[in-house]
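Asks: Just a sequence and a predicted model for now, questions to come.
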Amino acid sequence: MHAAVVHSFGTPPRYEQFSDPIARGKNEVVVDVLAAGLHPRVRSQADGSHYTSTGELPLIPGIDGVVRGPDGRLRYTILDETSLGTLAERTVIEPDRSIVLPKDVDPVIVAAAMNPAMSSWVALRRRIDFKRGQSVLILGATGNAGRMAIQVAKKFGAAHVIGAGRNTAALQALRPLGADEVLPLDQLAEAANVDVVIDYLWGEPAAAGVVDMITARKERSDPITWIQIGSVAGPTSPIPSAALRAARLQIVGSGIGSVPGRDWLKELPKLVHAITKGEFDVRSKAMPLKDVEQAWCTNTGDRMVLVP
Ligand SMILES: NC(=O)c1ccc[n+]([C@@H]2O[C@H](COP(=O)([O-])OP(=O)(O)OC[C@H]3O[C@@H](n4cnc5c(N)ncnc54)[C@H](OP(=O)(O)O)[C@@H]3O)[C@@H](O)[C@H]2O)c1
């Protein structure tokens, strides 16, 4: 088969011949890949920087995608840590850990949307006790996951959603998605009284945001839950200890591990349903898998999806 293969970390994968995958476990099957998203997590897998990296090479990256199994059905699948990812013509999955899709779905839309959308969907449904009528601030709202988080928060009944990011021009485009307010990162004090923060940035912007918001918060003993989901601005954040004492601030993370696998599997069918019914505005760009090197170096803001 053909696949995108990483031979050295720091160099984009190359499209080349690779041995066909073999199903080894009794629950495994070989499937055809129809579409796989080039998510930030796939890039960090391919450059060896993700914390789960074992350093094993060669590596076919790709953590999820839309596949067709031997039974002919379309499925959305998330792979466990593997060096045989979804950026290939074929891969190996466990059908029990995948979701059967309706026949008429657009594989590119599903492959583009699931990873960014599930980040906020699962966080609000499974990581905290989110209630209708609460207010939400999203840090990194102009990215794919941030744009989805606006729509997901609104779907779950958020009364007021504020989108914040560094790209002030892109912020204006968040209003049609449901953002009631948009803010540049140096004005987070204006979001001081929200109930929930969905944070895709971490790093310095999160630390500065915590200080600005706690300082300006009207009722410091009202709970504020900060959900750490992504770290595009830095893997560590120098949040001052005083912020945790001076306000009823709770910081929780959401991702695979902090939310058990069975809980993800329970949420995914509902998310698939919302995506395939067209409830979310999804920005995707399909590219042939053979052009993976070009896709790797392109960033239009739309989620790149590689199609074998
Ligand atoms: N835990 C989970 O369940 C989960 C699931 C999905 C994603 N994630 C994580 O969530 C994060 C965002 O994913 P995504 O799909 O939205 O990525 P994305 O589409 O690439 O968007 C990233 C956004 O971050 C902004 N950004 C990058 N560096 C920044 C910085 N130094 N300061 C401020 N803003 C910065 C970019 O803004 P510009 O347009 O200005 O460049 C862009 O809007 C990633 O870390 C990803 O791994 C986590």
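Replies: On my side now, so go ahead.
Asks: Would you mind listing what in this structure touches the ligand?
Replies: For the chain, the contact set with the ligand under C-beta under 6 Å from any ligand atom comprises 39-41, 115-116, 119, 140, 142-146, 165-167, 170, 200-201, 205, 229-233, 254-255. For every residue, glycine as well, the C-beta is placed using N, CA and C.
Asks: phi, psi of Gly157?
Replies: Backbone torsions of Gly157, given as degrees, to the nearest 10, read phi 90, psi 20.
Asks: Just give the closest residue to the one residue in the stretch 51-200 of the chain that gets nearest to the ligand, not the sequence neighbours.
Replies: Distance from the ligand to each residue of the stretch 51-200 of the chain (C-beta to the nearest ligand atom) is smallest for Gly143, at 2.2 Å. What sits nearest to Gly143 in space, not counting adjacent residues and going by C-beta to C-beta, 6 or more residues apart in numbering, is Tyr200, at 6.1 Å.
Asks: So which of the residues of the chain next to the ligand sit within helices?
Replies: Under the assignment DSSP state H, the residues of the chain next to the ligand contribute 40-41, 115-116, 119, 144-146, 170, 205 to helices.
Asks: and the residue nearest to Gly143, what does it touch?
Replies: 119, 138-141, 143, 145-146, 149, 229-232 (C-beta atoms under 8 Å, 6 or more residues apart in numbering).
Asks: Which strand runs longest in this structure?
Replies: For the chain, the strand with the greatest residue count under DSSP state E is strand 29-37.
Asks: mind listing what that one pairs with, with the direction of each?
Replies: strand 64-68 (antiparallel), strand 90-93 (antiparallel), strand 303-307 (antiparallel) (DSSP bridges).
Asks: a markdown table please, covering the ones you listed and showing mean neighbour count and mean pLDDT.
Replies: As requested, the strands paired with strand 29-37 are exported to a markdown table (neighbours: other C-beta atoms under 10 Å; pLDDT from 0 to 100):
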| stretch | mean neighbour count | mean pLDDT |
| --- | --- | --- |
| strand 64-68 | 26 | 97 |
| strand 90-93 | 21 | 97 |
| strand 303-307 | 25 | 98 |
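Asks: In TSV: those, plus distance to Ser284.
Replies: Shown next, in TSV, are these (distance: least, C-beta to C-beta, whole Å):
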stretch	distance to Ser284
strand 64-68	12
strand 90-93	20
strand 303-307	5
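Asks: check contacts around the spatially most central residue of the chain.
Replies: The centroid of the chain falls nearest to Pro116 when counting by C-alpha atoms, centre = their mean (3.1 Å). By C-beta under 8 Å, 6+ apart, Pro116 lies in contact with 39, 143-145, 147-148, 303.
Asks: swap in Val194?
Replies: So Val194 contacts 135-137, 160, 162, 213, 224 (C-beta under 8 Å, 6+ apart).
Asks: again with Gly143
Replies: With contacts defined as C-beta under 8 Å, 6+ apart, Gly143 is in contact with 116, 165, 200, 230, 232.
Asks: Give me the pLDDT value at the last one.
Replies: In other words, Val232. We have a pLDDT of 95 for Val232.
Asks: And Thr298, by the same measure?
Replies: 88.
Asks: Now for it: which residues touch it?
Replies: Residues in contact with Thr298 (C-beta under 8 Å, 6+ apart) are 287, 304.
Asks: what would the contacts of Pro116 look like in a markdown table with distance to Lys270?
Replies: Below are the contacts of Pro116 laid out as a markdown table (distance: C-beta to C-beta, whole Å):
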| residue | distance to Lys270 |
| --- | --- |
| His39 | 20 |
| Gly143 | 23 |
| Asn144 | 20 |
| Ala145 | 18 |
| Arg147 | 19 |
| Met148 | 14 |
| Arg303 | 21 |
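Asks: Among those, name the buried ones.
Replies: Those of the contacts of Pro116 that meet the buried threshold are 39, 143-145, 147-148, 303, by 16 or more other C-beta atoms under 10 Å.
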